[in-house]
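here are the coordinates; sequence isn't available:
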């Protein structure tokens, strides 16, 4: 809190140091750009136009109030811009911007808020650093801080939750006190009421019934069941820092990589067929090679048999004739 107060003090000092420069510029002679001259030139770099706009201002500087009772009760608050009927009507804080009827209507001490759209941040009281863009976005916020809501009725029920980001119509619309959620997409996280620190990307209007009120989860739509290219698909993993990455592992140990615990799931049909085709091709190549080896061995055996027969015939031709010997009595 001390660091935040010091930072806010430094920013206020910087902004106050700009005012003398603006004062010098105001003293420079120059021709009027419009005629007749604007009637909203007031002390302390103040611009006010509209019934009772900035009518209570005393020492506040750099304020702009355009619209019925915009910044009506501001006395010492500085660097505020209220455009629209009732914009920042109760404000007496610094550095708020409200554009739209009743935008930041009830803000009193909240600082550095930006509200664009009808009734945006309308009930905010002391919440700081909120950004709301869209009809009724962050409408019920009171003390919650550092929320970002972009889209009609985004974070519309939030009251005290902080550090939420909702982008899309009705995103996080039911959340009141939860914090640290990030939801992107129409109705993304619209069913969250008690869960914190979730990341939801895609249309998850039924998150309360599908996933339950679980915290510290990540849900991404349009991934499960979506086909991918079997030729280029790789394993996606996440490390302890939450980073996603791919692993080019397609076999038992390609490139020396074999992560423990990985069990390949059933492959898509095209991948299975491709592997079967490769096996068939390898088998055919093996059979063809073996057939050639058999034919070569058969030819060699025939040649050897012919040579044996020829050798036997030559031996018979070269053997001496047998003689008959008779013994006389």
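Everything's here; your move. Just so it is clear, the structure is predicted and the values come from calculations on it, not from any experiment.

which residues does residue 99 form a beta bridge with?
On the basis of DSSP bridges, residue 99 is bridged to residue 83, residue 116.

Just list the residues touching it, thanks.
Going by C-beta atoms under 8 Å, 6 or more residues apart in numbering, residue 99 touches 81, 83, 84, 87, 115, 116, 117. Where you see a C-beta, it was placed from the backbone N, CA and C, and this is true even at glycine.

Just the pLDDT at it, thanks.
pLDDT for residue 99: 97.

again, but for the one 3 residues further on
At residue 102, the predicted lDDT confidence score is 95.

Look at it and say how many residues are nearby.
22 (other C-beta atoms under 10 Å).

how far away is it from residue 142?
15 Å (C-beta to C-beta, to the nearest Å).

With residue 175 instead?
Using C-beta to C-beta, residue 175 is found at 14 Å from residue 142.

which of those two has more neighbours?
Set side by side, residue 175 and residue 142 show more neighbours around residue 175, with 28 against 16, by other C-beta under 10 Å.

does that one count as helix, strand or coil?
At residue 175 the chain is in coil, as set by DSSP: H, G, I helix; E, B strand; the rest coil.

who's in contact with it?
By C-beta under 8 Å, 6+ apart, the residues touching residue 175 are 155, 157, 158, 161, 164, 181, 189, 192, 193.

ok, for it, nearest residue in space, not its chain neighbours?
Nearest non-adjacent residue to residue 175, counting by C-beta to C-beta, 6 or more residues apart in numbering: residue 192, 5.1 Å away.

Can you tell me which of the contacts of residue 175 end up in strands?
Applying DSSP state E to the contacts of residue 175, no entry is found in strands.

In ChimeraX, how would I select the buried members of these?
Only the buried entries of these go into this ChimeraX selection, using 16 or more other C-beta atoms under 10 Å:
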select :155,157,158,161,164,181,189,192
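
ok, the contacts of residue 175 vs residue 129, which is closest?
residue 164 (12.1 Å; C-beta to C-beta).

And that closest one, its phi and psi?
phi -100, psi 150 (degrees, to the nearest 10).

Wait, it touches residue 147, no?
Yes. Using C-beta atoms under 8 Å, residue 164 is in contact with residue 147, at 4.8 Å.

on that earlier part again, which one of the contacts of residue 175 is nearest residue 106?
residue 158 (15.0 Å).

Nearest residue to the closest one in space, ignoring adjacent ones along the chain?
Per C-beta to C-beta, 6+ apart, closest to residue 158 is residue 141, 5.2 Å.

What number of neighbouring residues does the one you found come out with?
Neighbours around residue 141, by other C-beta under 10 Å: 33.

And residue 162, by the same measure?
Neighbours of residue 162 under the rule other C-beta under 10 Å: 19.

Quick check, it in contact with residue 145.
Yes. Using C-beta under 8 Å, residue 162 makes contact with residue 145 at a distance of 4.9 Å.

where does residue 106 land in three-state SS?
coil.

quick one: contacts for the nearest residue to residue 103 once chain neighbours are set aside?
Excluding the flanking residues, the one nearest residue 103 by C-beta to C-beta, 6+ apart is residue 115, at 4.2 Å. In this structure, residue 115 makes contact with 96, 97, 98, 99, 100, 103, 104, 121, 124, 130, 132, 138, judged by C-beta under 8 Å, 6+ apart.

what's the closest of these to residue 111?
Set against residue 111, the nearest of these by C-beta to C-beta is residue 96 (6.6 Å).

hang on, isn't that closest one packed against residue 107?
Yes. Between residue 96 and residue 107 there is a contact under C-beta under 8 Å: 6.3 Å.

Need the residues touching each of those two.
Taking C-beta under 8 Å, 6+ apart as the criterion, residue 96 and residue 107 both touch 88, 113.

Now do the same contact list for residue 105.
By C-beta under 8 Å, 6+ apart, the residues touching residue 105 are 86, 87, 88, 89, 90, 119, 122, 123.

Out of these, who's the most crowded?
In terms of neighbour count, residue 88 stands highest of these at 36 neighbours, by other C-beta under 10 Å.

pLDDT wise, what is it at?
At residue 88, pLDDT is 96.

Isn't it up against residue 70?
Yes. Between residue 88 and residue 70 there is a contact at 6.2 Å, judged by C-beta under 8 Å.

give the contact list for the nearest residue to residue 153 once chain neighbours are set aside.
Distances taken as C-beta to C-beta, 6+ apart place residue 136 nearest to residue 153, at 4.7 Å, with adjacent residues excluded. Applying C-beta under 8 Å, 6+ apart to residue 136 gives the contacts 117, 118, 119, 120, 152, 153, 156.

tell me which of the residues you listed is nearest to residue 59?
For the contacts of residue 136, the minimum distance to residue 59 (C-beta to C-beta) is 27.9 Å, reached by residue 120.
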